[in-house]
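Peer 1: Structure of the sequence below:
(chains A and B)
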Amino acid sequence: MSMVKRNATPLIFLLIALVVPLVTDNQYYLYILTLAFIWSIAIYGMNLISGYTGQLTLAHAGFFAIGAYSLGLLTVDVNVPYWLAFLLACVITTVAGLLIGLIALRTKTHYFAIYTLCVGYIIYLIIYQWDELTGGVRGLIGIEPPGAIGPITFESAESNYYLVLAFLVLTIVFMKFITESLVGRTFVAIRNSEELAQTIGINTMKQKLLSFVISTFFAGMAGALYASFVRFIGPEISYTMTMFDMLTYLIVGGIGTMYGPLVGTFLIVTLTQSLQFMEEYRMLIFGPVLVLLVIFYPRGIVGGIQMWKAKRQYKKQQKMAKQASNSSTYGGGD
Amino acid sequence: MDVLAQQLFNGLTIGSVYSLVALGLTLVYGILHIPNFAHGALYMVGGYATLMSMTLLGMPYFIAMFIAILVVGGIAVLMERLVFNQLRDSPPIHDKIAAIGLLLFLETLIRVIWGADYRSMSTPFSDNIVSFLGVTVTTQRILIVVAAILVMIALQLFLKKTMIGASIIAMSQDREGAFLQGINANRVAMLTFFISGGLAAVAAGINAPINLVYPDMGHLVILKAFVIVIIGGMGSVPGAILGGYILGFSESLGATFISAEYSDIIAFVLLVIILTVKPQGLFAKGAH
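Peer 2: A predicted model of the protein is given here:
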């Protein structure tokens, strides 16, 4: 019961999310929501390494693309059954993450950001130039929708919506579990001070690698879902612009917070999709928003709300303490 | 042999442009410890400022470039005042995110104003062809090399011979010490950003006539400038110059002898190899 109470707000939102397809049969809304959920999964991955462990990675669009292309190529060219391809896509991305992480994480702060930015660009250039494998600038078309699980098929927009929602819920539950565990606290210790974490006996390289590998797993999973949902992928999903979009989702929602990735992604994806003119010019608004947030609300919307709540509670306590002390001191009156 | 000479000269040209961009980046990093991801946007704005001064205002090429220096330098100073100065005591991750925000904003702003078209810039030097030592080049390419070297010498003289230059160097060596000597940190920060922006504007102004002007033109250049700065040691002025030419030559030779399609990848592979071997970068100056 207490668990339900503690997570009341997220559970209410989950309930709303579950009801949405029953209330509306507008395919377009469902499409946008599903897209927002998919990106959220990838942003949750990014949040773990950048938000909780403090290593700003700029390669996640690349890992997203590796997941998407793995699934696309395996189903289109090799005819692997869908769910096996899905699993393989996650594995391929994670292995790539492990290999890149092993080298990238030896670099620190600015170097890590620049290194990962370059890794992301290399992934983009390979996808763009390697015509025979990836289709180059034309991209991949005709990717399969998710295969049936037993009697359940995923051909309608509603069923896709529920499938992606299920993956998102699993992602959030996993992230909640890991960030509240000892491992998660180790990540935060590294974020606060890598030297200090080392002094208290944390193998920081191993922990950073763990965080990075998990984050690439989720980026790959989101990529695979994206490929089978949109059913067309092009090299631009690995481009630096996509990376910056992802960073915007994370910063607006709140980097290093539990629900920041969901809030930021949901807000911006729905906003840009519903206001068509924003598609091209969105950065005219989001660029300054990014700067202002970093200056005034470095922990985004969710972090801001948490701060506001904490302050209110503090004031309440102060007030109560004051009242208590007032009544005890001047209780008798004069 | 002719091909080799031609490619070496191309390397010299590209290297000159890279060096100028990397110089601005390394100055800001060395003095203020900000990896300015928005530097590529400054470069791009420099290209547009030069082009628009020529086409809209009808300015001659060199005056247009001078206007571009003022415009881009001014934008860079604004960036420092409005954004990076506010973030002086924030964790390093914030600088990078803010810089990316600025980059996206400037790019979109230019796209809104002038559209996404690729524009060409023609200068009095574009069509003039000169041959020497078996190499055939346009005077524009010679101008690039000469102008870049002149600017680098001027910068070096400014840093070494003037009082303000000395205060910039002092601040890069020891911020607190410089402060104790009565150096106005704000003034040095603004000046550094102005110079950084000015260098980007010159680089764009001289390079645009042999390339094109478009909103994304800064993307690759800035990534490569970061590679150069890491090769040359973050914050090192000679390192940025040397690194720029090393990259310029490896790219033009790589394009001829390995593959033209993948020539852009050379810089990144170079970086990946360097950081794989030396995670602190070459010539790291201790911990920041």
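Peer 1: quick one, longest helix in chain B?
Peer 2: Counting residues, the longest helix in chain B under DSSP state H turns out to be helix B:2-32.
Peer 1: low pLDDT regions in the chain?
Peer 2: You didn't say which chain, so I picked chain A. In the prediction, chain A carries residues with pLDDT under 70 at positions A:1-4, A:276-278, A:327-334.
Peer 1: Chain B was what I was after
Peer 2: Within chain B, the ranges that satisfy pLDDT under 70 run B:1, B:281-288.
Peer 1: can you map out the strands along it?
Peer 2: Counting by DSSP state E, one finds strands in chain B at the ranges B:129-132, B:135-138.
Peer 1: Please tell me how far B:Val72 sits from B:Ser53.
Peer 2: Plainly put, B:Val72 is 12 Å away from B:Ser53 if you go by CB to CB, to the nearest Å. In short, each C-beta sits where N, CA and C put it, glycine included.
Peer 1: Can you tell me the SS state at the spatially most central residue of chain A?
Peer 2: Nearest residue to the geometric centre of chain A (CA atoms, centre = their mean): A:Ile43, 1.4 Å. For A:Ile43, the assignment made with DSSP: H, G, I helix; E, B strand; the rest coil gives helix.
Peer 1: In contact with it, which residues?
Peer 2: Going by CB atoms under 8 Å, 6 or more residues apart in numbering or on different chains, A:Ile43 touches A:246, A:249-250, A:253, A:261-262, A:264-265.
Peer 1: Closest residue of the stretch 101-250 of chain A to chain B?
Peer 2: A:Arg106 (3.9 Å; CB to the nearest CB).
Peer 1: Could you report the neighbour count for that residue?
Peer 2: Burial measure for A:Arg106: 18 neighbouring residues, criterion other CB atoms under 10 Å in any protein chain shown.
Peer 1: Would you list the phi and psi of the nearest residue to it once chain neighbours are set aside?
Peer 2: Leaving aside its chain neighbours, A:Arg106 sits nearest to B:Pro279 (3.9 Å; criterion: CB to CB, 6 or more residues apart in numbering or on different chains). Note on B:Pro279: backbone dihedrals following degrees, to the nearest 10 are phi -60, psi -20.
Peer 1: do you know how far the residue lying closest to B:Gly15 once chain neighbours are set aside is from B:Tyr18?
Peer 2: Among residues not flanking B:Gly15 along the chain, B:Gly248 sits closest, at 2.4 Å (CB to CB, 6+ apart). Distance of B:Gly248 to B:Tyr18, given as CB to CB: 6 Å.
Peer 1: ok, how many other residues are close to B:Ser252?
Peer 2: Neighbour count of B:Ser252, defined by other CB under 10 Å: 22.
Peer 1: about what we covered before: didn't the residue nearest to A:Arg106 look like it was pressed against A:Tyr111?
Peer 2: Yes - contact criterion CB atoms under 8 Å: B:Pro279 and A:Tyr111 qualify, at 6.9 Å.
Peer 1: More neighbours: which of these two?
Peer 2: It is A:Tyr111, of B:Pro279 and A:Tyr111, that has more neighbours when counted by other CB under 10 Å, with 21 against 17.
Peer 1: now the top helix by length along chain A, how far from the chain's geometric center?
Peer 2: Of all segments of type helix in chain A, defined using DSSP H, the longest is helix A:300-329. The chain centre lies 32 Å from the centre of helix A:300-329; the measure is CA atoms, centre = their mean, to the nearest Å.
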